[in-house]
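Chemist: Can you look at this prediction? I've put the sequence above it.
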Amino acid sequence: MTALAPIEHPPATAHLAAAAQHPFGLRLFVGVLGVLVAAIMSGLNNRVGGLALPDIKGGFGYGLDDGKWIGTVYTAAELAAMPISAWFASTFSLRRYHIGVVLGFALLGLLMPFAPSYGALLTMRALQGLLGGALIPVLMSAALRFFPLSIRLYGLSLYSLTATFAPNLAIWLAAVWTDRLFDWRLAYWQIMPFSAFAVWAVWWGIPQDPVRLERFREADWPGLVTGSIALVMIAIGLDQGERLDWFHSALICWLLGGGILAFIAFLISEFHHHLPFVKLQLLERRNLGLGLTIFVGLLITLLSGSLLPSDQLADIQGFRPLQIAPIGLLVSLPQILLAPLAAWLLYQKCIDARRLLATGLLLIAISCWIGSFVTSEWMVAEFVIVQILQAFGQPFAVVSMLFLATSVVAPMEGPFVSGLVNTLRAFSTLLGSTVLGHLLIVRSSSHEQTFVDRAGRSGMDLAPADIASVAERIAHQAFTLSIADCYRYLGLFALLLAPLTFFLQYIPPPTIPPRGQTQG
């Protein structure tokens with residue numbers, strides 16, 4: 001089987017059988033398109049649910065703490081499903097597994113607005129998160145398996161849309177459901193047409209592989225239990241940490257401490273098992289070990305294009321999602337063209353993928369540098385240049401990183417890599433959001449204290465009626481400065497990641513076989 005480039009270490013996994021190959025054509029393309037739509041649907045469901053949470057809480061009549069747990073249980077369950085999904089797809093066959101997961105995902109979305117109690121809602125949301133987390137890894141496995149060499153990079157560019165297109169489009173969708181159509185239930189029901197198309201496309205286009213239930217006898221069940229427990233505990237600890245005051249809370253200490261211990265047990269079990277869910281030995285290959293480290297940092301920097309401008313406009317200007325939506329569309333819509341453009345560039349003989357990756361990181365760093373000049377007067381128009389740079393930088397970096405990492409992997413190893421990449425992808429987004437949220441609070445408090453100290457030393461004599469106005473202005477200015485600080489941190493982080501790309505192994509552009517020759 002032909003990989004995108006020579007493999008550093010030939011796979012020594014004799015127990016793995018290569019999946020049957022099928023000639024690429026319209027049916028197979030439609031099938032993979034169905035897998036893509038389901039993966040994007042999963043990402044949108046999570047992000048839109050978070051953005052529309054104030055309206056959802058109001059619809060159910062829940063308070064702030066109750067609403068926070070609605071998002072937490074989804075995120076935790078989604079993360080737990082990431083490392084094991086590709087294994088189950090290989091066991092039950094990609095076609096049957098994917099259709100079953102999409103149908104369950106859609107059914108839960110349909111019923112969720114009618115949840116009879118808070119406990120039922122949390123249970124349904126957790127189950128939907130588990131199924132949603134199972135959908136995204138299948139996309140990378142399908143792209144590596146079904147796309148022939150001549151267009152395989154375009155398949156990876158489709159996967160990149162889950163990290164660049166979906167999170168930014170979600171801002172606009174949340175605005176449509178809550179501010180235009182005024183029905184929070186649509187935040188859950190939006191998945192229905194996507195699900196219908198995905199089920200039909202996969203049923204029609206993806207070939208049926210044999211079911212391999214004998215794999216259950218060889219599965220790493222201790223790894224499954226410890227890994228799932230670890231990821232759920234860590235995700236809950238990170239997501240609830242700020243609200244519960246981190247290590248001042250016994251619950252957070254138990255969650256993070258216990259989660260780390262369970263994760264260590266998971267790594268030991270997976271490393272020594274002959275049929276793991278995530279093959280850790282692959283990290284010995286430089287482009288996977290170092291590459292995925294860069295990938296984690298890259299995903300954290302991507303939050304500069306979605307979280308920071310949205311928070312600034314919502315907190316300072318009081319914008320609703322409908323008014324913030326153009327910020328997300330400036331990044332998301334161009335991805336439909338720019339992600340394939342990045343793939344096309346990587347096929348050119350004069351392009352070094354490491355340089356394109358570094359270029360993407362530098363564009364993100366420049367975007368953050370411009371964003372660091374944010375003031376409390378900035379509206380959507382002032383963020384346009386920032387977002388355009390993000391729109392180019394994100395696909396150049398993500399697609400190049402995926403190419404460099406997957407080029408040292410044989411197609412039969414695709415499920416292992418898919419679980420690894422997607423687990424890191426989900427964890428990095430959660431970790432980045434948590435760290436940035438904490439930084440915004442800490443830096444805002446620091447700036448606010450500085451302003452208060454200066455006002456006190458100036459000896460200003462304010463009338464009681466003016467105190468509230470001044471306090472509000474100080475709070476707004478402090479938050480704006482904290483946004484600027486976060487832009488600087490993320491920009492510097494992207495800048496520091498750029499030189500690391502040249503320590504990756506050089507991978508030449510894929511050589512397309514002559515017409516008529518078999519492609520892997």
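Modeler: Done, it's in.

Chemist: what comes into contact with the strand or helix carrying residue 228?
Modeler: Using DSSP states H and E, residue 228 sits within helix 221-241. With contacts defined as CB atoms under 8 Å, 6 or more residues apart in numbering, helix 221-241 is touched by 68-69, 71-73, 75-77, 79-80, 82-84, 249, 251-252, 255-256, 258-263, 265-266, 269-270, 273, 276-277, 423, 427, 430-431, 434, 438. C-beta: built from backbone N, CA, C; applies to glycine.

Chemist: which ones among these are found in strands?
Modeler: The strands, defined by DSSP state E, take in nothing from the contacts of helix 221-241.

Chemist: Sitting in helices, which of those residues do you find?
Modeler: Under the assignment DSSP state H, the contacts of helix 221-241 contribute 68-69, 71-73, 75-77, 79-80, 82-84, 251-252, 255-256, 258-263, 265-266, 269-270, 423, 427, 430-431, 434, 438 to helices.

Chemist: Could you identify the buried members of these?
Modeler: Using 16 or more other CB atoms under 10 Å as the burial test, the ones in helices among the contacts of helix 221-241 include 68-69, 71-73, 75-77, 79-80, 82-84, 252, 255-256, 259, 262-263, 265-266, 269-270, 423, 427, 430-431, 434 as buried.

Chemist: quick one, helices of the stretch 1-150 of the chain?
Modeler: 26-51, 53-60, 64-92, 94-111, 118-146 (DSSP state H, counting those that start in this stretch).

Chemist: What's the first helix or strand after the last one?
Modeler: If I follow you right, that is helix 118-146. Heading C-terminal from helix 118-146 (DSSP H and E), you reach helix 152-164.

Chemist: could I get that next one in PDB with only the CA atoms?
Modeler: The C-alpha coordinates for helix 152-164 follow below in PDB (Å, rounded to 0.1, in the frame of the first residue of the first chain):
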ATOM      1  CA  ARG A 152      -5.500  12.300  -0.500                       C
ATOM      2  CA  LEU A 153      -4.300  15.700   0.700                       C
ATOM      3  CA  TYR A 154      -7.700  17.100  -0.300                       C
ATOM      4  CA  GLY A 155      -9.200  14.500   1.900                       C
ATOM      5  CA  LEU A 156      -7.100  15.700   4.800                       C
ATOM      6  CA  SER A 157      -8.100  19.300   4.000                       C
ATOM      7  CA  LEU A 158     -11.700  18.200   4.500                       C
ATOM      8  CA  TYR A 159     -10.800  16.900   7.900                       C
ATOM      9  CA  SER A 160      -9.200  20.300   8.700                       C
ATOM     10  CA  LEU A 161     -12.600  21.900   8.300                       C
ATOM     11  CA  THR A 162     -13.600  20.400  11.600                       C
ATOM     12  CA  ALA A 163     -11.000  22.600  13.300                       C
ATOM     13  CA  THR A 164     -11.300  25.800  11.200                       C
END
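
Chemist: Tell me what angle that helix forms with helix 26-51.
Modeler: If you take axes from the mean of the first three to the mean of the last three CA atoms, to 10 degrees, helix 152-164 sits at 10 degrees to helix 26-51.

Chemist: Select from the helices of the stretch 1-150 of the chain the stretch with the lowest mean pLDDT.
Modeler: For the helices of the stretch 1-150 of the chain, the stretch scoring lowest in mean pLDDT is helix 53-60; its value is a mean of 67.

Chemist: I'd say residue 209 and residue 89 touch.
Modeler: No - using CB atoms under 8 Å, residue 209 makes no contact with residue 89, being 9.3 Å away.

Chemist: neighbour count winner among the two?
Modeler: residue 89 (25 against 18; other CB atoms under 10 Å).

Chemist: Hmm, the more buried one is touching residue 139, no?
Modeler: No - in this structure residue 89 lies outside contact range of residue 139 using CB under 8 Å: 10.5 Å.

Chemist: Average pLDDT for the helix holding residue 228, rounded please.
Modeler: 93.

Chemist: Buried ones in it, by neighbour count?
Modeler: So for helix 221-241, counting by 16+ other CB under 10 Å, buried means 223-224, 226-241.

Chemist: Got the domain ranges for the protein?
Modeler: 23-213, 220-274, 282-514 (automatic domain parsing).

Chemist: Do a quick rundown of the helices in the stretch 251-400 of the chain.
Modeler: Ranges of helices in the stretch 251-400 of the chain, per DSSP H, counting those that start in this stretch, are 286-301, 307-316, 321-332, 335-346, 353-371, 384-406.

Chemist: Identify whichever of those lies nearest to residue 492.
Modeler: When the helices of the stretch 251-400 of the chain are compared by CB to CB, helix 353-371 sits nearest residue 492, at 7.6 Å.

Chemist: Remind me what that closest one packs against, helices and strands.
Modeler: Where contact means 3 or more CB pairs under 8 Å, 6 or more residues apart in numbering; DSSP states H and E, helix 353-371 is packed against helix 286-301, helix 335-346, helix 384-406, helix 464-500.

Chemist: For those helices, which has the smallest mean pLDDT value?
Modeler: The weakest mean pLDDT among the helices and strands packed on helix 353-371 belongs to helix 464-500, with a mean of 88.

Chemist: tell me the angle of that one relative to helix 286-301?
Modeler: 170 degrees.

Chemist: angle of helix 464-500 against helix 307-316?
Modeler: 180 degrees.

Chemist: buried sites along helix 464-500?
Modeler: 474-487, 489-491, 493-495, 497-498, 500.

Chemist: Then stretch 327-347?
Modeler: 327-332, 334-335, 338-343, 345-347.

Chemist: how about residue 435, what does it touch?
Modeler: residue 300.

Chemist: re the thing from before, and the helices of the stretch 251-400 of the chain: which comes nearest residue 446?
Modeler: Of all those, it is helix 307-316 that lies closest to residue 446, at 16.6 Å by CB to CB.

Chemist: Counting by contacts, list what that closest one packs against.
Modeler: helix 321-332, helix 414-458, helix 464-500.

Chemist: how about the nearest residue to residue 41, chain neighbours excluded?
Modeler: residue 194 (3.9 Å; CB to CB, 6 or more residues apart in numbering).

Chemist: Distance-wise, check the one you found relative to residue 480.
Modeler: Per CB to CB, to the nearest Å, residue 194 is found 37 Å from residue 480.

Chemist: repeat for residue 40
Modeler: Applying CB to CB to residue 40 and residue 480 gives a distance of 33 Å.

Chemist: again, but for residue 349
Modeler: 47 Å.

Chemist: With residue 337 instead?
Modeler: Counting by CB to CB - residue 337 and residue 480 are separated by 33 Å.

Chemist: With residue 286 instead?
Modeler: Taken as CB to CB, the span from residue 286 to residue 480 is 42 Å.

Chemist: which stretch among the helices of the stretch 1-150 of the chain comes nearest residue 506?
Modeler: The nearest among the helices of the stretch 1-150 of the chain, by CB to CB, is helix 118-146 at 20.7 Å.

Chemist: other SSEs contacting the closest one?
Modeler: Where contact means 3+ CB pairs under 8 Å, 6+ apart, helix 118-146 is packed against helix 26-51, helix 64-92, helix 94-111, helix 152-164, helix 414-458.
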